[in-house]
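In: Generate a structure from the sequence data that follows.
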Amino acid sequence: MKRRIYVGHTVGNLYGVFESETEPTAETHGRFLAVIGPFRTMRGAQFMAKHGWNNPHLQTVADAERLAKKGA
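Out: A predicted model of the protein is given here:
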């Protein structure tokens with residue numbers, strides 16, 4: 001199965017990019033309070049992890065992919 005890219009949100013508003021072959025659940029990825037994804041590109045996921053917290057311009061995966069592609 002193909003590994004897909006996600007961004008996990010942990011305590012203290014820390015975001016981490018990770019890959020998973022299965023859809024993340026509380027049982028498999030319980031260290032995260034929330035998970036965003038899957039992302040098409042690592043660049044989009046990294047952009048969301050870096051700029052996504054409390055950013056009204058980054059509400060969806062598509063927003064992150066689009067802005068990362070533009071180099072915003």
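In: so where's the chain uncertain?
Out: 72 (pLDDT under 70).
In: Nearest the middle, which residue of it would you pick?
Out: Central residue check for the chain by C-alpha atoms, centre = their mean: the C-alpha nearest the mean position is that of Val7, 2.5 Å away.
In: quick one: that one is in a strand?
Out: Yes. Per DSSP: H, G, I helix; E, B strand; the rest coil, Val7 lies within a strand segment.
In: Is it correct that it is in contact with Gly16?
Out: Yes. In terms of C-beta atoms under 8 Å, Val7 counts as a neighbour of Gly16; the distance is 7.1 Å. All C-beta spots, glycine's among them, are computed from the backbone N, C-alpha and C.
In: which neighbours do these two share?
Out: Common neighbours of Val7 and Gly16, using C-beta atoms under 8 Å, 6 or more residues apart in numbering, are Ala49.
In: Could I get the full set of strands for this protein?
Out: 4-10, 14-20, 34-39 (DSSP state E).
In: Show me which parts of the first one are buried, residue by residue.
Out: Under the neighbour-count criterion of 16 or more other C-beta atoms under 10 Å, strand 4-10 has Arg4, Ile5, Tyr6, Val7, Gly8, His9 buried.
In: Distance to Thr28 for the strands of the chain - can I get that in TSV?
Out: Listed next are these as TSV, based on distance: least, C-beta to C-beta, whole Å:
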stretch	distance to Thr28
strand 4-10	11
strand 14-20	8
strand 34-39	10
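In: The ones you listed: which one's closest to Asp63?
Out: strand 34-39 (10.7 Å; C-beta to C-beta).
In: Just the CA coordinates for the closest one, please, in PDB.
Out: Output of strand 34-39 as PDB, limited to C-alpha atoms (Å, rounded to 0.1, in the frame of the first residue of the first chain):
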ATOM      1  CA  ALA A  34      -5.600  16.000  15.400                       C
ATOM      2  CA  VAL A  35      -4.400  15.000  12.000                       C
ATOM      3  CA  ILE A  36      -4.600  16.900   8.700                       C
ATOM      4  CA  GLY A  37      -4.300  15.200   5.300                       C
ATOM      5  CA  PRO A  38      -3.600  13.300   3.300                       C
ATOM      6  CA  PHE A  39      -1.400  15.600   1.300                       C
END
